[in-house]
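Asks: sequence and predicted structure, then a few things I'm wondering about:
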Amino acid sequence: MELQEALQQRRSIRKYQKKDVSKEDIQAMIEAANLAPSWKNSQVIRYYVVQTPDTLNQIKQTLPEFNYNNVVDAPVLIVSCIVINRSGYERNGEASNEIGNGWGCYDCGLHDMNLILKATELGLSTLIMGIRDAKRIKEILNIDDNQMVLSVIAVGYGDIQPQMPQRKSVDEMTKYY
């Protein structure tokens, strides 16, 4: 699959088949994520892959009802985190500019995009969710205090094929100088 095809086929999927995802596919997705750039090569992204039924259910319970219903049958949830106060910071601990930890969030977005595009290439579907109980997720997965939970990504085989929502034109979102 060419990149353009993956970009055009990728959708946020809100209904999944009850079908397992292979460890090899998950590994390939995370390897693709790891190819994304990061601030000063800080590599602050951490992924927590949840597949066991009990832990899956616990993490799904941290989601609001609408997201829970969207991913009730998703066989994999990947929690993406950043190591805080690293990306966007100097060695002495001072923020390099006014964005601070925003650079870690930016880096995570780049990594997550690679991850979901690889999933698309592999015939998998995804849904990135940002509304979640981060504190409870950290407790369930025993995530260090020096990490910030950013998103929960559902991964599986989609059971629907939605159309692409209307996108703004290049002219609507671009200003040339």
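Replies: Alright, I've got the coordinates. Numbering: from 1, shown residues only.
Asks: next, the nearest residue to residue 32 once chain neighbours are set aside: secondary structure please.
Replies: Excluding the flanking residues, the one nearest residue 32 by Cβ to Cβ, 6 or more residues apart in numbering is residue 118, at 3.6 Å. All C-beta spots, glycine's among them, are computed from the backbone N, C-alpha and C. Assigned state for residue 118: helix (three-state reduction, DSSP: H, G, I helix; E, B strand; the rest coil).
Asks: show the pLDDT at residue 118.
Replies: Looking at residue 118, its pLDDT reads 98.
Asks: show me what contacts it?
Replies: 28-29, 31-33 (Cβ atoms under 8 Å, 6 or more residues apart in numbering).
Asks: residue 28 versus that one, what's the distance?
Replies: 6 Å (Cβ to Cβ, to the nearest Å).
Asks: ditto for residue 102
Replies: 29 Å.
Asks: and if you look at residue 88?
Replies: In terms of Cβ to Cβ, residue 88 sits 29 Å off from residue 28.
Asks: give me the more crowded residue out of these two.
Replies: Neighbours per residue, other Cβ atoms under 10 Å: of residue 88 and residue 28, the larger number sits with residue 88, 24 against 17.
Asks: was I right about the more buried one contacting residue 105?
Replies: No: assessed by Cβ atoms under 8 Å, residue 88 is found out of contact with residue 105, at 9.1 Å.
Asks: overlap in contacts, these two.
Replies: In contact with both residue 88 and residue 105: no residue, using Cβ under 8 Å, 6+ apart.
Asks: pull the contacting residues for the closest residue in space to residue 153 that isn't next to it in sequence.
Replies: When the adjacent residues along the chain are set aside, residue 153 lies closest to residue 78, with 4.4 Å between them (Cβ to Cβ, 6+ apart). The contact partners of residue 78, taken as Cβ under 8 Å, 6+ apart, are 26, 29-30, 47-50, 115, 152-153, 155.
Asks: now with 6 Å, please.
Replies: 47, 49, 153 (Cβ atoms under 6 Å, 6 or more residues apart in numbering).
Asks: just say helix, strand or coil for the first one.
Replies: Going by three-state DSSP, the secondary structure assigned to residue 47 is strand.
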